[in-house]
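Chemist: could you work out the structure for the sequence below:
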Amino acid sequence: PIGGKRQQTVRGDRFRHHGVGSTCAALWWKWLWSLHEERHHEESNPQGETGTVGEDPAQPLLGGIKPGMRVMIKGEAVCWPLIAELEAQVVAAGGLPDVNLIGPNNDRGKVWSAAMGQFGTEEQVAAIPDWHRLRYEAMDAYVEVLGMEDPSQFTMLTGAQAQILARADLPFRTIRGGKPWVLTLYPTAHDAEFEDFSLQEYAEFLVEASLSDPNALVAAQEALAPLFDRAKTMTIRTRMPGCAELLELKVHFYEGSHSKACWGQCNWPDGERFRSPDPRFTTGEIYLDLPVCYQGQTIQGIYLKFEDGKAVDFSAKEGNDVLKSIIETDQGSCRLGEAALGMNPGLSRVLKSPLYVEKVGGTLHIALGSSYEDCFVDAEGAKQAGAFNQSAQHVDIVCDFRTGGAGVSVHLDDTLLVVLDNQWVVSQP
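Modeler: Model (predicted):
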C-alpha cells in the first residue's frame, strides 16, 4: 500500500545528508521514480507519442493509499531514508502515516524489546498497555521496512527468553496479518556484511531484484494453480550430504484449503506459490540445505523428522540451538503451517534473508508454525477441525532443488514437478 501524488518536496535529494544510507536510499528513489515515469508514459502516451515523461504532479507515484487511511510504517532507525520517503508519499496521497521507529534491540518491532526478555518478570511481560493494541487496531494498512543495524543487541537472548517475546507479540502479529500489508528490505551496512556484500553491491542487488516485473511471475504460478489446489498430498524427497538413502516427507492438505499466488502484492520482491498443510498428518523426514536468517542468526543444514504432524527429531549443522528454540516455542511451532514453491527465476543469488531465499526459483520451503487464514475457505471451521495450525512462530526453511542442491523430487499427488530454467513446471513424459 505505497502511493501518493508527486509533490515538488518529495525528491530524491532529501537523502544527501543521511551519510552511508544516502546511496542506498537514492537507489531506492531511482527505482520508485523510474516506475512512476514508466507508468505515466504508458498512461499518458497510449499511442506512443513522444514528449516529456513524469511532469504531471498529480500523477500517482504508486497506488494503494486512499485519503484518510491510517498507514503504519515500521522499521529500525537505520532504515530512516526509505521510511521518510514512504511517510512523505502517504501524506501526499492524503493518508495519515503512523511512523513506528523501533530500536536496534527489538527484532522486527515486537511488543517488547530484548531488554524485557532479559530482565522483565512474567507480570511485566503481561502488562502490555492498552494503547499499544489500540494503535495496531486503528491502522488501515501496514508497511514494514526490514533492515538491521546491530542484531547482536537481541541475539544474546536465551531460547526461553526469545519464546516469551514471540508469544507476547502473537496478538499483534495477528492484527497486522489481518490488514493490507507490504514488506520490503532496505540495505544496511550490517546486512550487507552478513550477506557477504559491500554496501554498494548489496544496495544495487536489492534494487535490481526488485525491478523484476511481477506480472512475469503470474503465468508460471497460474499453470500450477489447478494442480496445487486439488492436491491431497505433497511428497518431498531430499538427500543429506554424504548419504545415499533418500529422505521422504509426506505433507497432507485439508480438503477446504487452497494455494495462494505471490507475485508482488505484499512481499517485495516476491515469487512463490504456497498452501497451508494439515498440521496433524505430516510424516517422514526432510533435509533443507539453504541458509536462513532468523532473528539475526543463521540456521543451515536442517534435518527434521515428523510423526503424526509433529517434529519429533531435529538438528541443524549451524544454529541448532536457535532451531530448538523455535520448535519448542509452543504446541504449534513443531508443526507445519506452510509448504511452498519458490517461483522467481530472476533472483540470481541466494541471500539468507527469508524475504529472498524462499522466493528463489527452483527452491521449496516449509514453515514451522502458524498457518495462513487466506489458504482456507473457512478458516474458523478449519481451526475447529484441528486443520489450522496456531503458533507464535512462522519460520520459513528452504531446500534447493536446482542442480547441486539437496532436493531430489517433488510430487503433488502423483504428478512430478521439475525445475526447468530455475522455474517449477510439470514434468512432461
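
Chemist: what about residue 176, distance to residue 321?
Modeler: Distance, residue 176 to residue 321, using CB to CB, to the nearest Å: 28 Å. Bear in mind the C-beta positions are built from the backbone N, C-alpha and C, glycine included.

Chemist: between the two, who's got more neighbours?
Modeler: Neighbour count, other CB atoms under 10 Å: between residue 176 and residue 321, residue 176 has more, with 17 against 12.

Chemist: ok, now which ones touch residue 250?
Modeler: Residues near residue 250 by CB atoms under 8 Å, 6 or more residues apart in numbering: 233, 234, 235, 236, 282, 283, 284.

Chemist: and for residue 338, the neighbour number?
Modeler: Residue 338: 25 neighbours (other CB under 10 Å).

Chemist: over to the nearest residue to residue 157 once chain neighbours are set aside. Which of the three states is it?
Modeler: Once flanking residues are discounted, residue 157 sits nearest to residue 117: 5.0 Å by CB to CB, 6 or more residues apart in numbering. Here residue 117 takes the helix state, with states given by DSSP: H, G, I helix; E, B strand; the rest coil.

Chemist: please report phi then psi for residue 144.
Modeler: For residue 144, the backbone dihedrals (degrees, to the nearest 10) come out as phi -120, psi 130.

Chemist: list the beta-bridge partners for it.
Modeler: With DSSP bridges as the criterion, residue 144 is bridged to residue 74, residue 183.

Chemist: that one touches residue 183, doesn't it?
Modeler: Yes. Look at residue 144 against residue 183 with CB atoms under 8 Å: they come within range, at 4.9 Å.

Chemist: neighbour count winner among those two?
Modeler: Shown here are residue 144 and residue 183; by other CB under 10 Å, residue 144 has more neighbours (19 against 16).

Chemist: how far away is that one from residue 102?
Modeler: Distance, residue 144 to residue 102, using CB to CB: 10 Å.

Chemist: if I look at those two, which residues touch both of them?
Modeler: With CB under 8 Å, 6+ apart, residue 144 and residue 102 have common neighbours 74, 75, 108, 109.

Chemist: separation between the third one and residue 294?
Modeler: Same thing as residue 108. Relative to residue 294, residue 108 is positioned 11 Å away (CB to CB).

Chemist: kindly report the same for residue 414.
Modeler: Computed with CB to CB, the distance linking residue 414 and residue 294 is 35 Å.

Chemist: between the two, which one's more packed in?
Modeler: Neighbour tally, residue 414 and residue 294, criterion other CB under 10 Å: the higher count belongs to residue 294, 21 against 8.

Chemist: contacting residues around that one?
Modeler: 319, 322, 326, 354, 395.

Chemist: between these, which is closest to residue 376?
Modeler: Nearest to residue 376 among the contacts of residue 294, counting by CB to CB, is residue 395 at 20.5 Å.

Chemist: give me the residues contacting whatever helix or strand that closest one lives in.
Modeler: For residue 395, the element it lies in under DSSP states H and E is strand 394-400. Defining contact as CB under 8 Å, 6+ apart, one finds that strand 394-400 is touched by 236, 238, 286-290, 292, 294, 299, 302, 326, 333, 337-338, 340, 342, 350, 354, 357-358, 360, 362-370, 405-407.

Chemist: can you count the residues close to the spatially closest residue to residue 210 that is not a sequence neighbour?
Modeler: By the measure of CB to CB, 6+ apart, the closest residue to residue 210 outside its immediate chain neighbours is residue 269, 5.0 Å from it. Applying other CB under 10 Å, we find 22 residues neighbouring residue 269.

Chemist: quick check: residue 269 vs residue 143, distance?
Modeler: Residue 269 sits 15 Å away from residue 143, going by CB to CB.

Chemist: one more: residue 218?
Modeler: Note on residue 218: its distance to residue 143, by CB to CB, is 23 Å.

Chemist: which of these two has more residues huddled nearby?
Modeler: More crowded of residue 218 and residue 143, by other CB under 10 Å: residue 143, with 29 against 14.

Chemist: quick check, central residue of the chain?
Modeler: In the chain, the centroid-proximal residue (CA atoms, centre = their mean) is residue 355; its distance is 4.1 Å.

Chemist: can you point me to the longest strand in this structure?
Modeler: In the chain, with assignment by DSSP state E, the single longest strand is strand 297-307.

Chemist: just the CA trace of that one, in PDB.
Modeler: Coordinates of each C-alpha in strand 297-307 appear next as PDB, following Å, rounded to 0.1, in the frame of the first residue of the first chain:
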ATOM      1  CA  GLN A 297      21.300 -15.700  13.400                       C
ATOM      2  CA  THR A 298      21.900 -18.200  10.600                       C
ATOM      3  CA  ILE A 299      20.300 -21.600  10.500                       C
ATOM      4  CA  GLN A 300      21.500 -24.100   7.900                       C
ATOM      5  CA  GLY A 301      21.600 -27.800   7.200                       C
ATOM      6  CA  ILE A 302      18.300 -28.600   8.900                       C
ATOM      7  CA  TYR A 303      17.100 -32.200   9.400                       C
ATOM      8  CA  LEU A 304      13.500 -32.800  10.600                       C
ATOM      9  CA  LYS A 305      11.600 -36.000  11.300                       C
ATOM     10  CA  PHE A 306       7.800 -35.800  11.700                       C
ATOM     11  CA  GLU A 307       5.400 -38.300  13.200                       C
END
